[in-house]
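Visitor: I would like to see how this sequence folds:
(chains A and B)
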2 protein chains.
Amino acid sequence: MEENEKTPESEDIDVEDINDVNDIEDIEEINDKLTDLIPELIESRDFQKVKELLRELEPQDVAIILEDIPFDLVPVVFRLLPKTMAADCFSEMSADAQEILIKGFSDSELKFILDELYIDDTVDMIEEMPANVVKRILANCDSESRAQINQILKYPKDSAGSIMTVEYVRLEKNMSIADAFARIRRVGTDKETIYTCYVTESDKTLVGVVSAMDLMLNDTDKLISEIMDTNVICVTTDEDKEAVAATMSKYDFLAIPVVDADNRLVGIVTVDDAIDVIQDEATEDITKMAAITPNDKPYFKVGVFSTWLSRIPWLLLLMLSATFTGAIISHYEDALSKVIILTSFIPMLMDTAGNAGGQASVTIIRAISLGEVEPKDILRVLWKEFRVAFLCGVSLAAVGFLKAFIFDARGEPEALLVALTVAITLAATVVVAKAVGCCMPLLIKKLGFDPAVVASPFITTIVDAISLVVYFAIATAILPALNML
Amino acid sequence: MEENEKTPESEDIDVEDINDVNDIEDIEEINDKLTDLIPELIESRDFQKVKELLRELEPQDVAIILEDIPFDLVPVVFRLLPKTMAADCFSEMSADAQEILIKGFSDSELKFILDELYIDDTVDMIEEMPANVVKRILANCDSESRAQINQILKYPKDSAGSIMTVEYVRLEKNMSIADAFARIRRVGTDKETIYTCYVTESDKTLVGVVSAMDLMLNDTDKLISEIMDTNVICVTTDEDKEAVAATMSKYDFLAIPVVDADNRLVGIVTVDDAIDVIQDEATEDITKMAAITPNDKPYFKVGVFSTWLSRIPWLLLLMLSATFTGAIISHYEDALSKVIILTSFIPMLMDTAGNAGGQASVTIIRAISLGEVEPKDILRVLWKEFRVAFLCGVSLAAVGFLKAFIFDARGEPEALLVALTVAITLAATVVVAKAVGCCMPLLIKKLGFDPAVVASPFITTIVDAISLVVYFAIATAILPALNML
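Guide: Got it, this is the predicted structure:
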């Protein structure tokens, strides 16, 4: 490492610079600059300056900077953070960075962070850690947190129970609003939200919900039972997290209660977690649609080997299933050698069928995701797609005919008939492709699987084969040169 | 219409049924039942029962039911809603249903709804209405709302200004917390959120932010200036709405302030609108990736003709661009007629290249959307994709070679050389396809366009042509039968 005596000047940032700006583009620029500046400051041992700079940032931005500076500096910089920011920043970091930090923590440092973290963030972290780190984390939790963590870890992956937090404000029916305020003041700082409070019986049965707005806008001597909303919309612990997020979005909730089979309140899901679920599910759908095994890490955090592993099985599977298409072509070798121009239309026909089928399948997959379409709508979907396919097929056939007749088959002995074969094949395969494209996702969903796996690549493979069969069947029927075979 | 004297019994639902359940699956079932029951009740003129049933529902569910009952019943049922629910329900309905209702409203009914609606919901509605309806809406707004609506309508589509609301709680620095509570009680019911309050100078310059939590957890005689956070993260009116939503998600905000160029507060964006933006953008990306012009209506609300219009231009464009692939094949007609088995590998090679390129392009498009990758990362992306492509190419070539040699080319005079041609082509095209697939979205983004348009279908068309050129070049070089041409 080279000696660097001078304090870095050129890229220097002052505390005021950070305080002055708050526009989101400036924030990105400042993060980039600090990522370069902080390691230099650490090297020149100007810890005070680093402290001052960090203090002005939001925990989310510190987390971004910590992800980008050299790994060995992470524990040093983390220890310079104000105590109040350390846990918030920690919960925003990637599992890899968290693991490095935990390994460097003393037991008392680890205990401090764990006390400050919300239970649901601790659970998220534990799910990503190797066994020995998990052991150390649980050993450093107080016994109540440990029981709560173990409880949440038991719920199935992707269920409401697995993403909920147990830190909510619980009120009782016979409290006055003043009592409620007093309780919120006492326990509120540890809760993930105080804006929606839940009213339960002594056995934790959920009976009502009160918003902070209700509390603030009513007289303080009113009883909770007078102002609470008893028509509580809730989810059960085993509800799929995607459905939970969709419900919260539908009703514009800031939090939704999670109950067990006996309607006892066990936790809440807050809107920030619902947003993460919505983002992750969209990414997962998009990834699956492109025939890739989903992965919840950012692009550059996934290694080359893992990326290969997530892509190669699908490429191999799709390549091998293209055997059918190859077999169909081999079967018609004689026909192709007689009218060799037929070969030149194969890519266009296959691509068009694949694109038409892909449009239908992706549209339906997204509509299923958004709850707009269900398997029972299959006939309605088919009827709509059939009419759309008819219009698309006719348009493509018309253009395809003119193009084939005027350009591609020009001068061929059977130009008109070849163009006709291409046009009829286009129309027929577009209709079949759209029908297959819209039905497959609904059938897959009906069978209980994720429809996203039958997006474009799979539909393409299926309709490729279909389009070739149709093509050769029509060619054999129409072209005199082939009729004589 | 047939006469129906009996009160519907079989599917009858009691008010208690609705009140008893609150699980989200039961809600869907109840909505379905009510969609059938309410028209029957209206026909048998049992308006009281309809009123009772509706009163127990959430406005979002009433909106769903109103979308599904016959159009001519919508105004009748809407008038049976409790006054307090009417506006909330109205704002959740589709533009088509809103238009029908407005056309049936008297001026005083319209005025009532407009008074109750939040300004941002009114603006959303106006953007979807024909000119004569807009005129009538503006004529029935009070002058202050009209000015605010016109102001918001001026901001560019998809900007922070266009999705913000102007109904927020404004506080002053020298207020005490008690003063702040008094103001919130006075103005709070009309505001879209009271959980984040904004502190401004008299000229509306934004100087701080105070959460309801800060207000509730501090002593009531403290001053706002003592507890406010002066490090306010905000967005400007022209910021892209997707970036606004991403920022809110990053910092877990329930609302974000929108300022003009002089840092004066002009509105706020609330988290429920941010969630809608995130959902809509994901749908738009997915739609574009499947080569469809996006449309913000649910699947069944888009007519057959509009669906055709959103799909056919892309199908035509992609079909015509497949001309290149056809031309390449025509060029090599002689080679194909000499070694006819070469033709049977064309679909497999094209599909594999398309799938490999599609994987890379979709991964990068999503990473761009999530802010994980930027155009300046192009070399880092290329280096990663190159290594992944190398691994994928080698794996596919190995399997492809064995399959071609043992099965497809069995008994052919040049089986080994044909299999070798296929294997080398696979390896080479996968590398090229992944390189094209990862670079195109970054270049398109750099040029200022939406990278989602160069997803699988476009990449497929490009790499199809490339894979054929590579295939024929390698075949001509390796196969003796072609060398002698």
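
Visitor: for the helix or strand hosting A:Thr476, packing partners?
Guide: Using DSSP states H and E, A:Thr476 maps to helix A:456-478. Counting contacts by 3 or more C-beta pairs under 8 Å, 6 or more residues apart in numbering or on different chains; DSSP states H and E, helix A:456-478 packs against helix A:304-321, helix A:323-331, helix A:333-338, helix A:341-369, helix A:415-446, helix A:480-483, helix B:346-369, helix B:456-478. To be clear about C-beta, it is placed using only N, CA and C from the backbone, and glycine gets the same treatment.

Visitor: so which of those helices gets nearest B:His331?
Guide: B:His331 sits nearest to helix B:456-478 of all the helices and strands packed on helix A:456-478, at 7.8 Å, using C-beta to C-beta.

Visitor: so the closest one versus helix B:346-369, what angle?
Guide: 140 degrees (axes from the mean of the first three to the mean of the last three C-alpha atoms, to 10 degrees).

Visitor: quick one: buried residues of helix B:456-478?
Guide: Across helix B:456-478, burial judged by 16 or more other C-beta atoms under 10 Å in any protein chain shown covers B:456-472, B:474-475.

Visitor: ok, stretch A:254-261 near chain B or not?
Guide: Yes - with C-beta under 8 Å from any C-beta of the partner chain as the criterion, chain B is reached by stretch A:254-261 at A:Leu254.

Visitor: state the pLDDT value of the closest residue to A:Met213 other than its chain neighbours.
Guide: Among residues not flanking A:Met213 along the chain, B:Ile194 sits closest, at 5.7 Å (C-beta to C-beta, 6 or more residues apart in numbering or on different chains). In the predicted model, B:Ile194 carries a pLDDT score of 86.

Visitor: correct me if wrong, but B:Ile194 is in a strand.
Guide: No - judged by DSSP: H, G, I helix; E, B strand; the rest coil, B:Ile194 forms no part of a strand; its state is coil.

Visitor: what does it show for phi and psi?
Guide: phi -110, psi 0 (degrees, to the nearest 10).

Visitor: just checking, it touches B:Arg183?
Guide: No - applying C-beta atoms under 8 Å, one finds B:Ile194 not in contact with B:Arg183, separated by 9.9 Å.

Visitor: now for the two: what residues contact both?
Guide: B:Val169 (C-beta atoms under 8 Å, 6 or more residues apart in numbering or on different chains).

Visitor: of the two, who's got more company?
Guide: B:Ile194 (22 against 17; other C-beta atoms under 10 Å in any protein chain shown).

Visitor: what comes into contact with stretch A:283-294?
Guide: A:295-296, A:309-311, A:313-315, A:318, A:362, A:365-366, A:369, A:450, A:452-453, A:455-458, B:282, B:285-286, B:289, B:355, B:358-359, B:361-363, B:366, B:370, B:455-456.

Visitor: how about A:Met85: what's its closest non-neighbour residue?
Guide: Setting aside the residues directly before and after it, A:Met85 is nearest to A:Pro59 in space (C-beta to C-beta, 6+ apart), at 5.2 Å.
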